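Asks: Here is my input, please return the structure:
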Amino acid sequence: MSVIKKLDQVIANKIAAGEVIEKIANVVKELVENSIDALATQIDITLIESGLTSITVTDNGVGMDKTDALLAFERHATSKIKNINDLFRINSLGFRGEALPSIAAISRVELTTSKDSEAIKVVFEDGKFISKSQASLNQGTKIEVTRLFYTTPARFKYLKSPQYELAMIVNLIHKFALAYPKISFKLTNNQKIQFVSLGNNNIKDILASIYSADVARKLIEFSGESRDYSIFGFTTNPIINRSNNHYVNIFVNKRNITDTRIINAIRECYEQLIPKNRYPIAVLYIECDPSIIDVNIHPRKQEIKFSEYQKLLDLIKTTVEPLVSSSYIYQTPKEDDIEQIKLEFHEPIREYKENKHPVINQEKSTIKPKNVIPDMEYIGQYLGTYLIFQNETGLYLLDQHAAAERIRYERYLRQMERRHSETQELLLPLELALPKEKAILLEEHLSELSDFGIKGIITNNQILIKQVPSWFYKGHELEFAEEIVETLISEKTLKKADIIDDLAKLLSCKHSLKANHYITKAEAANLVNDLRKCKRPYTCPHGRPIIVSITIGQIEHWFNRVL
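Replies: Predicted structure coming up:
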């Protein structure tokens, strides 16, 4: 007797539901995607108790006739795929053909839909057909889901608090609104509005409603194109950054995805402009031919496989980095500077969009604005750490340690990047003791050590150093040499450029002007003059701000002197 039996359709649907529906947000996602694919321009999502009691999604899309309304509950039934080739050119969202029957298998679903002035209502519960009847509804579809998970009680243990489940749904609708700015979304829970978008195709308005108007004001627009990809979007001025990458939104052909390498490519555009492990708020739109991507590598299509992946990453970096590195950061620009900023940063994007140039004008994009470190008068010091300046626009606070770090970092970097920089022979060799295992490791790096201008011989678990670079500070030669030796041993897998960069950061931090150290007016002036010569005078090498401004308007507001 055969022991293999074909599963009952209801059981099969419940298994499929386990793959598709894990959270309440999964139900909302599947229903909203169907509304989008139905060409809706307005989608209302109404929840009771964060969706656990009921979820209702209403749209003004094309609707279905009575035949399609029933077929929609059949597994693997879809209007999106007609042949095998369509799997490799997917443009729609709800093409799986199993979302609605999977939802119906673990809940009660009432679907009311209208097409060509004919409306019908069908009801399914626990995967079984209950009823079909005439109904009254304007053009579109309304789906109400109740009794979710009641026949699969084990699923309840995976749910968290109502607040958490609601937050997941709110975040989901934010993503939909960013992906489809021409669609108006409205989300309510227990009759309280949680989010609304107008559908006016204004992405900055949506970002303002999600993150705040202040964030929207500090957005930098970007746009670029290659043979295979077209990108555009917004990212924040470096002063606006967050502690995790959840604020980086990526859309490929309007599909929201998660991709660590793309997020890191955006993060790398902020090298040294924001602290380590901080991220900007950004939205990146990637457009490409569907045939060069594969959206079927992830069960919920949150990841995508790209052709020419590295070229996409390079396009992101070359497009975003010049605009980010040239943006005003920690001071309020004067009114007469604003038009210059628009000319330097927005005009290249406008010209690109109008196809006047094949690429963004890099020469314009890489200019630093005038008066990044403005003319200002030194008036004192606070806590032996922050230098205080003033000018006609307001007050400035400068972190003396961060400024000294930046100055020394760039100085060290220039010196170490010169393979044939000046060196000096030592009358007496420096003796650097090493454990046996480190002495063995160092033998593999003697040529790299020589590239830094350090020459010596290894003997008896120590290295006798006979030559060092001339930029080594007198009295610190052994300490500097030890830092380089330890870096080469511990980070041998890194590229030389990475080793140099890390070493320059380390040395600049160790040997810079410290906090809680009082300096003279002349020393403060010299520090500012040296800072003005830096390529990136905005932040220290670790991404912390060097200078911040307090405008006269802000001060007057504090004292209620604003008219």
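Asks: starting at the chain centroid, how far to stretch 167-185?
Replies: Counting by C-alpha atoms, centre = their mean, to the nearest Å, stretch 167-185 is centred 17 Å from the centre of its parent chain.
Asks: Can I get it in CSV? Just the C-alpha atoms.
Replies: C-alpha atoms of stretch 167-185 as CSV (Å, rounded to 0.1, in the frame of the first residue of the first chain):
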residue,chain,number,x,y,z
ALA,A,167,5.2,49.8,13.6
MET,A,168,6.0,47.1,11.0
ILE,A,169,3.0,48.0,9.0
VAL,A,170,3.6,51.7,9.1
ASN,A,171,7.2,51.1,7.9
LEU,A,172,5.8,48.9,5.1
ILE,A,173,3.5,51.7,3.9
HIS,A,174,6.3,54.2,4.1
LYS,A,175,8.2,52.0,1.6
PHE,A,176,5.2,51.7,-0.7
ALA,A,177,4.7,55.5,-0.6
LEU,A,178,8.4,56.1,-1.5
ALA,A,179,8.3,53.5,-4.3
TYR,A,180,5.0,54.8,-5.7
PRO,A,181,4.8,58.6,-5.1
LYS,A,182,2.0,58.9,-7.7
ILE,A,183,-0.3,56.7,-5.5
SER,A,184,-2.1,58.2,-2.5
PHE,A,185,-1.8,56.0,0.5
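Asks: Quick check: the most centrally placed residue in the chain vs residue 109, distance?
Replies: Centroid-nearest residue in the chain: residue 248, 2.4 Å away (criterion: C-alpha atoms, centre = their mean). Distance of residue 248 to residue 109, computed by C-beta to C-beta, to the nearest Å: 35 Å. Where you see a C-beta, it was placed from the backbone N, CA and C, and this is true even at glycine.
Asks: what does residue 161 give?
Replies: 25 Å.
Asks: check contacts around residue 104.
Replies: 13, 73, 124, 125, 126, 127 (C-beta atoms under 8 Å, 6 or more residues apart in numbering).
Asks: tell me the phi and psi of it?
Replies: As for residue 104, its main-chain torsions (degrees, to the nearest 10) stand at phi -60, psi -30.
Asks: Does residue 120 belong to a helix, a strand or coil?
Replies: Of the three states, residue 120 takes strand according to DSSP: H, G, I helix; E, B strand; the rest coil.
Asks: swap in residue 231?
Replies: Residue 231 ends up strand, using three-state DSSP.
Asks: wait, doesn't it sit right on residue 288?
Replies: No: if you go by C-beta atoms under 8 Å, residue 231 and residue 288 don't touch, sitting 9.4 Å apart.
Asks: Give me the common contacts of those two.
Replies: Counting by C-beta under 8 Å, 6+ apart, residue 231 and residue 288 have no common neighbour.
Asks: re earlier: correct me if wrong: the residue nearest to the centre of the chain contacts residue 264.
Replies: No: contact criterion C-beta under 8 Å: residue 248 and residue 264 do not qualify, at 9.6 Å.
Asks: got a list of what the residue nearest to the centre of the chain touches?
Replies: 263, 266, 267, 279, 280, 281, 282, 284.
Asks: who's it bridged to?
Replies: Listed beta-bridge partners, residue 248: residue 282 (assigned using DSSP bridges).
Asks: mind checking how far it is from residue 255?
Replies: 15 Å.
Asks: Residue 117 too?
Replies: Residue 117 is 33 Å from residue 255, where distance means C-beta to C-beta.
Asks: of these two, who's got more company?
Replies: Taking other C-beta atoms under 10 Å, residue 117 and residue 255 do not tie; residue 255 has more neighbours (20 against 8).
Asks: Quick check, pLDDT for the more buried one.
Replies: pLDDT recorded at residue 255 is 92.
Asks: That one and residue 295 touch, don't they?
Replies: Yes: Residue 255 lies in contact with residue 295 (C-beta under 8 Å); the separation is 6.6 Å.
Asks: need the longest strand for the chain.
Replies: strand 423-433 (DSSP state E).
Asks: Sheet partners, orientation included, of that one?
Replies: strand 462-469 (antiparallel).
Asks: Render the CA-only coordinates of the partner strand in CSV, please.
Replies: Provided in CSV are the C-alpha atoms of strand 462-469 (Å, rounded to 0.1, in the frame of the first residue of the first chain):
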residue,chain,number,x,y,z
GLN,A,462,63.7,42.1,17.8
ILE,A,463,64.0,44.4,14.9
LEU,A,464,67.0,46.8,14.7
ILE,A,465,65.7,49.9,12.9
LYS,A,466,68.4,51.9,11.1
GLN,A,467,66.3,54.2,9.0
VAL,A,468,63.0,56.1,9.5
PRO,A,469,61.0,58.6,7.5
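Asks: can you count the residues close to residue 471?
Replies: 17.
Asks: list the contacts for it?
Replies: Residue 471 touches 411, 412, 415, 421, 422, counting by C-beta under 8 Å, 6+ apart.
Asks: who wins for most neighbours among those residues?
Replies: Of all the contacts of residue 471, the most densely surrounded is residue 412 (22 neighbours; neighbours counted as other C-beta under 10 Å).
Asks: pretty sure it contacts residue 502?
Replies: No: counting by C-beta under 8 Å, residue 412 does not reach residue 502; the two are 11.1 Å apart.
Asks: what's the spacing between residue 58 and residue 112?
Replies: 9 Å.
Asks: my bad, residue 486
Replies: From residue 486 to residue 112 the distance is 71 Å (C-beta to C-beta).
Asks: Just the buried residues of stretch 373-389, please?
Replies: Within stretch 373-389, the residues that qualify as buried are 373, 374, 376, 378, 381, 385, 386, 387, 388, 389, counting by 16 or more other C-beta atoms under 10 Å.
Asks: again, but for stretch 270-277
Replies: Across stretch 270-277, burial judged by 16+ other C-beta under 10 Å covers 270, 272, 273, 274, 275.
Asks: go on, stretch 216-231?
Replies: Neighbour counts over stretch 216-231 (16+ other C-beta under 10 Å) mark 216, 218, 219, 220, 221, 222, 223, 224, 225, 226, 229, 231 as buried.
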